[in-house]
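1. All I have is the shape, not the residue letters:
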């Protein structure tokens, strides 16, 4: 009996099992839920200057520390909560990133209070259908630059063009799976149904 050959994946997976699972089940899948989009933006902000593998390893600790990434709860965090988070070895302990996450929760709620749905806003940036990109994969694009400006105008921090583009890739607003990756066509088909149907 021979072992089943491993599927072809994007090069960044590099054979790591945690990255492989994330790649095969989550990365690039169109995310229609506003709170889930917000959570992933926060995590991409925490990743800045670090590897995504570092964030993945700490993801459950982040969810516990940030109370399930409930924007209403995070928006109420105060200085005592910041000190608590700075003492939590399970997460990335950066005051600037922690304060940005709290501010971004307040920005999310402010949009909601003003009648602007976060998911609808995000997907409107790509006209409610995932973009199908082809190599080479850039660090950022003109669209991620304008998206970043729109987020920052609404009070978001740690949302520069490079972070925003990585977040767009992760949440399926952009399909950047390699042409020969086994997930490329699967994810493309999801985009035609998941988002277009809801928009």
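-> It's in. Note that the structure is predicted; figures quoted are calculated from it, not measured.
2. centre of the chain versus the helix or strand hosting residue 41, how much separation?
-> Counting by DSSP states H and E, the element that carries residue 41 is helix 34-47. Remark: helix 34-47 is offset 5 Å from the chain centroid, using C-alpha atoms, centre = their mean, to the nearest Å.
3. any low-confidence regions in this structure?
-> Judged by pLDDT under 70, the chain has its weakly predicted residues at 1-3, 192-199.
4. one step back: which strands or helices does the helix holding residue 41 pack on?
-> helix 52-65, helix 95-113, helix 118-124, helix 161-170 (3 or more C-beta pairs under 8 Å, 6 or more residues apart in numbering; DSSP states H and E). To be clear about C-beta, it is placed using only N, CA and C from the backbone, and glycine gets the same treatment.
5. Could you pull out the buried residues of that helix?
-> Buried residues in helix 34-47, defined by neighbour count with 16 or more other C-beta atoms under 10 Å: 34-35, 37-47.
6. ok, and the nearest residue to residue 28 once chain neighbours are set aside, which helix or strand is that part of?
-> Leaving aside its chain neighbours, residue 28 sits nearest to residue 187 (4.5 Å; criterion: C-beta to C-beta, 6 or more residues apart in numbering). Assigned by DSSP H and E, residue 187 falls within helix 184-194.
7. What are the contacting residues of that helix?
-> Contacts to helix 184-194, defined as C-beta atoms under 8 Å, 6 or more residues apart in numbering, come from residues 28, 29, 30, 32, 129, 130, 132, 172, 175, 177, 178.
8. wait, the fourth one sits on residue 119?
-> Yes - the pair residue 32 and residue 119 qualifies as a contact (C-beta atoms under 8 Å) at a distance of 6.0 Å.
9. mind checking how far the spatially most central residue of the chain is from residue 52?
-> Closest to where the C-alpha atoms of the chain average out (C-alpha atoms, centre = their mean) is residue 40, at 3.2 Å. From residue 40 across to residue 52, the span is 11 Å (C-beta to C-beta, to the nearest Å).
10. I'd like the distance from the residue nearest to residue 28 to residue 178, if you could.
-> Distance from residue 187 to residue 178, by C-beta to C-beta: 11 Å.
11. Which one's more surrounded, the two?
-> A direct count of neighbours by other C-beta atoms under 10 Å for residue 187 and residue 178 places residue 187 higher, at 20 against 16.
12. any idea how far residue 26 is from the more buried one?
-> Distance from residue 187 to residue 26, by C-beta to C-beta: 10 Å.
13. repeat for residue 173
-> Applying C-beta to C-beta to residue 173 and residue 26 gives a distance of 14 Å.
14. For the two, indicate the residue with more neighbours.
-> A direct count of neighbours by other C-beta under 10 Å for residue 173 and residue 26 places residue 173 higher, at 26 against 14.
15. Looks like the more buried one contacts residue 124 (just checking).
-> No - with contact defined as C-beta under 8 Å, residue 173 does not reach residue 124; the gap is 10.6 Å.
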